[in-house]
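Engineer: Requesting a structural model of the entry that follows:
(chains A and B)
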Amino acid sequence: KQEVTQIPAALSVPEGENLVLNCSFTDSAIYNLQWFRQDPGKGLTSLLLIQSSQREQTSGRLNASLDKSSGRSTLYIAASQPGDSATYLCAVWVIVDGLTFGKGTHLIIQP
Amino acid sequence: GAGVSQSPSNKVTEKGKDVELRCDPISGHTALYWYRQRLGQGLEFLIYFQGNSAPDKSGLPSDRFSAERTGESVSTLTIQRTQQEDSAVYLCASSLGTGNIQYFGAGTRLSVL
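Structural biologist: Presented below is the predicted three-dimensional model:
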């Protein structure tokens, strides 16, 4: 059974820093990997999707990489802002199992 | 609508009652997914539909849970004889097809007393 682990569980940094969130998964037979953010009391917002054949995706200040063979992904956030404060979730898609989520990294950006 | 809509947003029920949760996906999205998030825990996949069919129902927690989808649109998740451990936020998502970006609704917060 696929397991997804996210490190660190929580992170607090000053505004303006660049930071990296880590995600690892146990079964490399994934179809794709998605990064989401979850704000308190709200649903999930998709940030980036990387297909299994891709190595990275970029959107604005966000860059996500995927090393499928080693079962790892990173989410890089450049020039962090207080509005980036949220819980960031990594999830892998295996067709019959749906998305398997990590428990998330709770990120606080200090003004 | 512009996004995935779920109703009700909150539901409080008594143990043993049946509840029905509704999800309206984004128009044109053929794939629809249900997830559950218990307090302090990660998201748990329940079931997905491609069109009106659900290829695999093994993710449903027990036989008290059932889901259906009609007209490649609205889906309902039904929980019979609710138990306190069913208390959670139930999230629905949709995508253009399986393997595409999933867009989530705001969820239904279910509290079983």
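
Engineer: got the residues of chain A near chain B?
Structural biologist: A:31-32, A:34, A:36, A:42-46, A:49, A:51, A:89, A:91, A:93, A:95-104 (Cβ under 8 Å from any Cβ of the partner chain). The C-beta positions use only the backbone N, C-alpha and C, and glycine is treated the same way.

Engineer: And the strands in the chain?
Structural biologist: Just so you know, I chose chain A. Here chain A has its strands, by DSSP state E, at A:4-7, A:10-14, A:19-25, A:32-38, A:44-51, A:56-59, A:62-67, A:72-77, A:86-94, A:98-101, A:105-110.

Engineer: wrong one, chain B
Structural biologist: Using DSSP E, strands in chain B cover B:5-7, B:10-13, B:19-24, B:31-37, B:43-50, B:65-69, B:75-79, B:88-95, B:103-104, B:108-112.

Engineer: A:Arg61 is nearest to which of these?
Structural biologist: Nearest to A:Arg61, of all those, is strand B:103-104, at 21.3 Å by Cβ to Cβ.

Engineer: who does that closest one pair up with?
Structural biologist: Its sheet considered, strand B:103-104 pairs with strand B:88-95 (antiparallel) by DSSP bridges.

Engineer: Could you give the average pLDDT over the strand it pairs with?
Structural biologist: The pLDDT scores in strand B:88-95 average 95.

Engineer: just stretch A:20-37 next, same as before
Structural biologist: 94.

Engineer: Can you give me the buried ones in that stretch?
Structural biologist: Under the neighbour-count criterion of 16 or more other Cβ atoms under 10 Å in any protein chain shown, stretch A:20-37 has A:Leu21, A:Cys23, A:Ser24, A:Phe25, A:Ile30, A:Asn32, A:Leu33, A:Gln34, A:Trp35, A:Phe36, A:Arg37 buried.
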